[in-house]
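Novice: sequence below, structure please.
(one chain, ligands or ions: 1)
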Amino acid sequence: MALIPFDKRDGKIWFNNEIINWKDAKLHVLSHGLHYGSCVFEGLRVYDGDIFKLDEHTERLFYSANRMGIKIPYTKNQINEASIEIVKTQKVLNGYVRPVVWRGSEMMAISAQKNTTYTAIATWDWGKYFDPKLLAEGIRLMTANWRRPHPNSIPWDTKAAGLYMICTLSKHEAESKGFNDALMLDQQGHIAEATGANIFFQDKNGELHTPIPDSFLDGITRRCIIEIAISKKVKVHERKILPEEMSNFEGCFLTGTAAEVTPVSQIDNYKFRITDLIKNLSETYLNLVRKRKEVA
Ligand code: PMP
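Specialist: Alright, predicted model coming up:
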């Protein structure tokens, strides 16, 4: 099946407080957001017609914008309502929601004090982030050459567009070498995260280890999985983790709105198995997002 590019699809997009035709949701080539990365966004999932953790994502959108000095000209409530409205208009039952905020064209140099802020929310049907066939066997990662930026070099705890340059570079490199994604280290060489998801490891005692989010996004899914694990009396260690420690771990998985719980079978030469705990956390998460009762 030929893929329809995102700018050629039919439907509606919420754009500056109006519902407009999908194909008309455009920005000019001379937009500050495009040239200078003054753009923040969010990624949410819709399950059975409901947006999962809408409040948390809207909160983070405003946090990201604020950290970038961008003032969103709507209230959080308006963005929540607009997100719900566009999901209904588009009749998305299981899919993705992408709010995006960017600076316009009044000034086209570094300073953007007078620029208009644009806000749009698009939504579409969507399945798994990684090929579902891979989910059963676990994805393979390679360590990226690019590292997460030092926390004093960029607003690292946001979903700002500019932070994704190195993620795309790293993911492309990994894919060109036959891997599915890249593992990124922080400035000191500790394990940080994947290119669009957080990472967890399981040790031989069934305890979980995950890096402290001090130079990368503290994912909403990450926090949710920590809560689920604790409720199941599984110990979670948030700490600095060195790459060499991977030889001691039995299991590994990624978490993210898009990635959900994705088992990892290999990072460089380290191999992991899909443990019962990983399967159980994944199942519990998928029950939670669909508001289904826990089976086991
Ligand atoms: N890290 C990065 C770089 C991401 O893009 C994402 C996806 N938003 C995550 C982590 C996971 O965050 P969340 O669970 O909030 O989707």
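Novice: dump the residue contacts of the residue in the stretch 1-150 of the chain that the ligand sits nearest to.
Specialist: Going by C-beta to the nearest ligand atom, the ligand is nearest to G43 of the stretch 1-150 of the chain, at 5.0 Å. C-beta here means a position set from N, CA and C on the backbone, and glycine is covered the same way. The neighbours of G43, taking C-beta atoms under 8 Å, 6 or more residues apart in numbering as the test, are 57, 96-98, 159, 257-258.
Novice: change it to 6 Å
Specialist: By C-beta atoms under 6 Å, 6 or more residues apart in numbering, the residues touching G43 are T257.
Novice: from A258, how far out is it?
Specialist: Using C-beta to C-beta, to the nearest Å, G43 is found at 6 Å from A258.
Novice: domain-wise, how is this protein divided?
Specialist: Domain assignment for the chain by automatic domain parsing gives 10-125, 132-289.
Novice: and the gap between the residue of the stretch 1-150 of the chain closest to the ligand and E56?
Specialist: For G43, the distance to E56 equals 12 Å [C-beta to C-beta].
Novice: S111 too?
Specialist: Going from S111 to E56 by C-beta to C-beta gives 32 Å.
Novice: between those two, tell me which one has more neighbours.
Specialist: Using other C-beta atoms under 10 Å as the criterion, S111 and E56 rank with E56 on top: 14 against 10.
Novice: does Q187 belong to a helix, a strand or coil?
Specialist: Recorded secondary structure, Q187: coil (DSSP: H, G, I helix; E, B strand; the rest coil).
Novice: might one say that it is in contact with H150?
Specialist: Yes - the pair Q187 and H150 qualifies as a contact (C-beta atoms under 6 Å) at a distance of 4.6 Å.
Novice: please report phi then psi for R290.
Specialist: Here is the backbone geometry of R290 (degrees, to the nearest 10): phi -100, psi 10.
Novice: hey, what's the closest residue to it other than its chain neighbours bridged with?
Specialist: For R290, ignoring the flanking residues on the chain, the nearest one in space by C-beta to C-beta, 6 or more residues apart in numbering is Y47 at 5.0 Å. With DSSP bridges as the criterion, Y47 is bridged to D50.
Novice: could you shift the numbering so residue one becomes 10, and keep it that way?
Specialist: Sure, I'll start numbering at 10, so the last one becomes Y56.
Novice: tell me how many other residues crowd Y56.
Specialist: Neighbour number of Y56 under other C-beta under 10 Å is 16.
Novice: correct me if wrong: it contacts V298.
Specialist: Yes - because the distance of 4.7 Å satisfies C-beta under 6 Å, Y56 is recorded as touching V298.
Novice: now find how far off-centre stretch 99-106 is within its chain.
Specialist: Averaging C-alpha positions (C-alpha atoms, centre = their mean, to the nearest Å) puts stretch 99-106 17 Å from its chain's average.
Novice: export stretch 134-149 as PDB, just CAs?
Specialist: Extracted in PDB, the C-alpha atoms of stretch 134-149 (Å, rounded to 0.1, in the frame of the first residue of the first chain):
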ATOM      1  CA  ASP A 134      -5.400   6.800  12.900                       C
ATOM      2  CA  TRP A 135      -2.200   5.000  13.900                       C
ATOM      3  CA  GLY A 136      -1.000   1.600  15.000                       C
ATOM      4  CA  LYS A 137       2.300   0.500  16.500                       C
ATOM      5  CA  TYR A 138       5.400   2.700  16.500                       C
ATOM      6  CA  PHE A 139       7.700  -0.300  15.700                       C
ATOM      7  CA  ASP A 140       6.800  -3.100  13.300                       C
ATOM      8  CA  PRO A 141       4.400  -5.400  15.300                       C
ATOM      9  CA  LYS A 142       6.400  -8.400  14.200                       C
ATOM     10  CA  LEU A 143       9.400  -7.000  16.000                       C
ATOM     11  CA  LEU A 144       7.400  -6.500  19.200                       C
ATOM     12  CA  ALA A 145       7.200 -10.200  19.700                       C
ATOM     13  CA  GLU A 146      10.900 -10.800  19.400                       C
ATOM     14  CA  GLY A 147      12.200  -7.400  20.700                       C
ATOM     15  CA  ILE A 148      13.800  -4.600  18.900                       C
ATOM     16  CA  ARG A 149      17.600  -4.100  18.400                       C
END
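Novice: thank you kindly, that will do.
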